[in-house]
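Trainee: One predicted model, sequence on top.
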Amino acid sequence: MSLSPMRCSLNCMQPQEHNDSIQNMNPKIEERVIRNPLLNIDTFVIPSPFIHNPAVQKDYTHSYVWVEEGEILGYMLVYSDQAGEEFLIYKIVTSPFGRGRGIGTSFIEHLARNIPREASVYIYIWERQADTVEFFRNKGFEPDSSIAYRKLVYHRLVSCCGAILTRSAEGLNRSLAPEEISKTRHDARKVARLINSMVEALGTENSDTIVESINRESTTLINILNSFRDSMKIIHEVDLLELIFERIVPYVQGSNVRCELRLDLDTGAPTIQGYHVNIGRAMVNLVSNALDAIEESGRKGIIDIVMREKGDFLILTIADNGTGMPEELLSRDSRGYPHFVGRTTKGRKTGEGIGTQQIYAAFGPENIEVNSIMGQGTSWTIRFAKHTETVSTWFVRMNRRYNEFKDLWEVAMVGPRTPRREVVAYIWQVRKIEIFLFDLILRFSRYHNIRDIYRSILAYLQGRKSEADLEHEIAGYKSDMERYNFWLLDISREIRRRMSILQDSVDMDSYWASLFRSYGQAYRNVIIFTADPETGNFLATDRKLAEHLDFVPYLGKPRDKLVRGEFLGDLNVEGNPIQFGVWSISSRSDALEKLRLIRQGAQTFLRKGIHPEKRLSFYHTTYIHGGFDIDINKSSTFGAFARLEDSDLEIFIVRREEEMSGYLMGRE
């Protein structure tokens, strides 16, 4: 790949503000990374580090880990050649509890500041990880080539320190969909009003609960704003007609080359989906090449632009009467690229062929046909799929996640002799798929009661519904895209298959902590659960999809012998409380009995792996018949509450107006 000297002329090895979180990797730290299951959830198939340059070696000097309070939240493993001219980002991984902090961006920028200015940085990304490709392009990387590895196609993206640091300084300037902005403002204002009301209610008698609630809602607000930041549109709706008149016509008219521009455009042609900036840039490159060829020919130029619909495609043709290209340059290599791509075809040898690289990167070689005759001119025909449905940022992310689950993850084999860290990573993988399922079910809310959908899938996952019955039900669901229905069934099958393997291979009880904590990677979701306080058996989901009561039939005990709860975010953060509660209290003595039940649950959770300093708070009870309830204005830690005597539990009982309960909090 040819990189612009101007972009790479910065002195990359420059002084910088020290980031205490970034530390150099070494063999000992790498061993910690390998043993940490949270850093090995996404066990992707990736090309060998030696596939491009067999001489590269693992480079600990330029490999980094991100450490906070002794915990590794991410790492970047780099290979480089002995001369320090090429640096391969082989792996860049963030823990589920480190996401949203800009760790990956910090690694890339830190690397750019510490390598020679002439050096190139490259990475391989699977072709279906469109948003990951876009992430790196926004960091200054450009597509260079593609390879096939284990029947998968990977794009090689290349950059240099100057391009990375320039892009970092410029920042991103993307437009956001108005409805996204409006929704974010609405959600943020709602949480801000709730926090304000909590501040107004703050008093000496309720300070613990109010402060915890404010902390929880502050985390929610941060997550909303992070989500807004991450939801900038990746793929846009592009109007080619508008692009031609706004970019191409002024460009040709402003040129010093004598040229007649002839347009034959289907004004009723539909829009397409793509990267607006890249498509516009590629079209300008095409016309610029045409003008150069016309100028070199020495005759009055003609550029014809024709746009027509053809079946499911929109066909754009740009033809000129310039010098043309020799036939041998039109033949394609194994990747589908003509031999003129990446090299100049200009008689004066100006330029470096970068424009043709960008054109093929923007449109894809499978969508481009070039015809040229020496001395007569060149014609480019580009095919675009019609825009018939909204391809949202959400869809791009979900499509990438689904494809990773199905095609990119290494096939994990779990058995009785599998090392514990590998079993833990497998559990976190299953939870990641389950969280994908939660997000997917929400896409059906426009047409269906999503709780009914979740109950059907839950019955299937628990062995109470056959696959044929579930398939029949899902086929009848209305959705915006048929693909959602296919994903819903396929992912449900995958979760059941993986859980069956797990249950048949290991002692599930010994992995309780991982089974429970792994829900914490859904850090934007409030997770509800119903649990057996004696055994710790539990079922959990996103709060939007179910009620605690939905899990009771599968836990083998009546409701009054179970506890219900919820949590948000990383369970390793001791200050983020787990809430416990019950469904009904009929008297003061029953309130004491229910507190004993919660105490038993706290003891079991401690025994299973919850930290003693983890905060424990309480729900309102749904049904109150005797005027007594558990005091939601009090809280404790799991360790302290588990040690309480019966007499100490009395302080958690409070009088409550019967008629108000169930109205305020009763949803089950």
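Mentor: That came through fine.

Trainee: where does the stretch 101-250 of the chain have low pLDDT?
Mentor: Applying pLDDT under 70 to the stretch 101-250 of the chain picks out residues 170-198, 201, 205-236.

Trainee: can you give me the helices for it?
Mentor: 103-113, 130-137, 161-170, 178-201, 207-230, 240-243, 249-253 (DSSP state H, counting those that start in this stretch).

Trainee: Check which residues of stretch 323-335 are buried.
Mentor: 323-325, 330 (16 or more other CB atoms under 10 Å). The C-beta positions use only the backbone N, C-alpha and C, and glycine is treated the same way.

Trainee: Kindly export that stretch (C-alpha atoms) in PDB.
Mentor: C-alpha atoms of stretch 323-335 as PDB (Å, rounded to 0.1, in the frame of the first residue of the first chain):
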ATOM      1  CA  THR A 323      -6.100   7.800 -23.600                       C
ATOM      2  CA  GLY A 324      -7.400   4.400 -22.400                       C
ATOM      3  CA  MET A 325      -5.400   1.600 -20.900                       C
ATOM      4  CA  PRO A 326      -3.500  -1.400 -22.400                       C
ATOM      5  CA  GLU A 327      -5.400  -4.700 -22.400                       C
ATOM      6  CA  GLU A 328      -2.800  -6.400 -20.200                       C
ATOM      7  CA  LEU A 329      -3.600  -4.100 -17.300                       C
ATOM      8  CA  LEU A 330      -7.300  -5.000 -17.400                       C
ATOM      9  CA  SER A 331      -6.800  -8.700 -16.500                       C
ATOM     10  CA  ARG A 332      -7.600  -9.600 -12.900                       C
ATOM     11  CA  ASP A 333      -5.500 -11.200 -10.200                       C
ATOM     12  CA  SER A 334      -6.700 -13.900  -7.900                       C
ATOM     13  CA  ARG A 335      -8.400 -11.300  -5.700                       C
END
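
Trainee: Would you map the helices across the stretch 551-668 of the chain?
Mentor: Going by DSSP H, counting those that start in this stretch, the stretch 551-668 of the chain shows helices at 588-608, 638-642, 646-649.

Trainee: Residues contacting the last one, please?
Mentor: Around helix 646-649, the neighbours that count as contacts under CB atoms under 8 Å, 6 or more residues apart in numbering are 592, 595-596, 599.

Trainee: from the residues you listed, which would you call buried?
Mentor: 592, 595, 599.

Trainee: Thought Leu644 was touching the last one, still the case?
Mentor: Yes. Proximity of Arg599 to Leu644 meets the contact threshold set by CB atoms under 8 Å, at 6.3 Å.

Trainee: Can you tell me the element the closest residue to Thr381 other than its chain neighbours falls in?
Mentor: With sequence-adjacent residues excluded and distances taken as CB to CB, 6 or more residues apart in numbering, Thr381 is closest to Glu369, at 4.4 Å. Assigned by DSSP states H and E, Glu369 falls within strand 368-373.

Trainee: Quick one: distance of the helix or strand just after that strand to the chain centre.
Mentor: Next in sequence after strand 368-373, counting helices and strands by DSSP H and E, comes strand 377-385. Strand 377-385 sits 34 Å away from the centroid of its parent chain (CA atoms, centre = their mean, to the nearest Å).

Trainee: Next, count neighbours for Tyr402.
Mentor: Neighbourhood size, Tyr402 [other CB atoms under 10 Å]: 20.

Trainee: Leaving out chain neighbours, which residue sits closest to it?
Mentor: Trp487 (5.7 Å).

Trainee: Worst mean pLDDT across the helices and strands of this protein, which element?
Mentor: helix 207-230 (a mean of 58; mean pLDDT, DSSP states H and E).

Trainee: May I have the predicted confidence score for Ile368?
Mentor: According to the prediction, Ile368 has pLDDT 91.

Trainee: circling back: got the contacts of helix 646-649 as JSON lines, with distance to Met508 and pLDDT columns?
Mentor: Shown next, in JSON lines, are the contacts of helix 646-649 (distance: CB to CB, whole Å; pLDDT from 0 to 100):
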{"residue": "Leu592", "distance to Met508": "33", "pLDDT": "96"}
{"residue": "Leu595", "distance to Met508": "29", "pLDDT": "97"}
{"residue": "Arg596", "distance to Met508": "26", "pLDDT": "97"}
{"residue": "Arg599", "distance to Met508": "24", "pLDDT": "97"}
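
Trainee: now those in a markdown table, with distance to Ala148?
Mentor: A markdown table is the format used below for the contacts of helix 646-649 (distance: CB to CB, whole Å):
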| residue | distance to Ala148 |
| --- | --- |
| Leu592 | 67 |
| Leu595 | 62 |
| Arg596 | 63 |
| Arg599 | 59 |
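
Trainee: From the residues you listed, pick the one nearest Tyr619.
Mentor: Proximity of the contacts of helix 646-649 to Tyr619 (CB to CB) peaks at Leu595, which lies at 12.5 Å.
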